[in-house]
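> Sharing a model prediction with you, sequence too.
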Amino acid sequence: MASGSMKGYFKQKKSGGGGGRGISKTKPSKKSPAFAAALGSDVVKPSTISAHNLQDEEDDKNETVLRQFDMNMAYGPCLGMTRLARWERAQRLGLNPPKEIETLLIKSKARPDCLWDGCV
C-alpha cells in the first residue's frame, strides 16, 4: 500500500498573498460588452419590436381560431386533408362552417394542414 499523504502529491498554490480567502477584490469594468443589443441595451428601436410583436399576436390569434376549427368534429374529420378542403367539404354538406375560417385560410399565412397532420 502507498504510504504518506496525498497533500504532498497534489500541492496547492494560492494566488495573491492577501489572506488566502480566494475572493477577488477587483472592481467591475464599465466597458460595454460587444453584444450589447443582445444583452438588453436599447440599440434596437422599440417601435420596430412593437410592430413585430403585434404581427406575431395576430398570427397567434388566427392559429388559435383555426385550431378550434380543427378540434370541432361538427365539420367532419380533418385527417388527410387541408383545412380549406375540410371547410369546403363542410360547406357542400350544408354544415355551415364559419365564413371567418375561409377568410383566414385564403388571406393569412396560416398553416394549411390541420392540427393533427403528421401527429397521428
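It's in. Predicted, not measured: the structure shown is a model, and the values here were computed from it.
> shaky segments in the chain?
Along the chain, segments meeting pLDDT under 70 span 1-8, 10, 16-55.
> which residues of it fall in helices?
Taking DSSP state H, the helices of the chain run over residues 46-71, 83-92, 99-107.
> ok, and the closest non-adjacent residue to Asn96?
Leaving out its chain neighbours, the residue that sits closest to Asn96 by C-beta to C-beta, 6 or more residues apart in numbering is Ala90, at 7.7 Å. (Glycine included, C-beta is placed from N, CA and C.)
> With Tyr75 instead?
Ala90 (4.0 Å).
> swap in Leu93?
Nearest residue to Leu93 in three dimensions, chain neighbours excluded: Gly76, at 7.3 Å (C-beta to C-beta, 6+ apart).
> Also Ala74?
Distances taken as C-beta to C-beta, 6+ apart put Leu95 closest to Ala74, at 6.5 Å, once the chain neighbours are dropped.
> Can you give me the neighbour number for the one you found?
Using other C-beta atoms under 10 Å, Leu95 has 13 other residues around it.
> How about the contacts made by it?
74-76 (C-beta atoms under 8 Å, 6 or more residues apart in numbering).
> for Leu84, same thing?
By C-beta under 8 Å, 6+ apart, Leu84 lies in contact with 102, 105-106, 112.
> who wins for neighbours among the residues you listed?
Leu105 (21 neighbours).
> I'd guessed that one sits against Arg83; true?
Yes. Using C-beta atoms under 8 Å, Leu105 is in contact with Arg83, at 5.5 Å.
> any common contacting residues for the two?
In contact with both Leu105 and Arg83: 66, 112, using C-beta under 8 Å, 6+ apart.
> Look up how far Leu84 lies from the nearest residue to Met71 once chain neighbours are set aside.
Sequence neighbours aside, Leu115 is the residue nearest to Met71 in space, at 7.0 Å (criterion: C-beta to C-beta, 6+ apart). According to C-beta to C-beta, to the nearest Å, Leu115 stands 14 Å off from Leu84.
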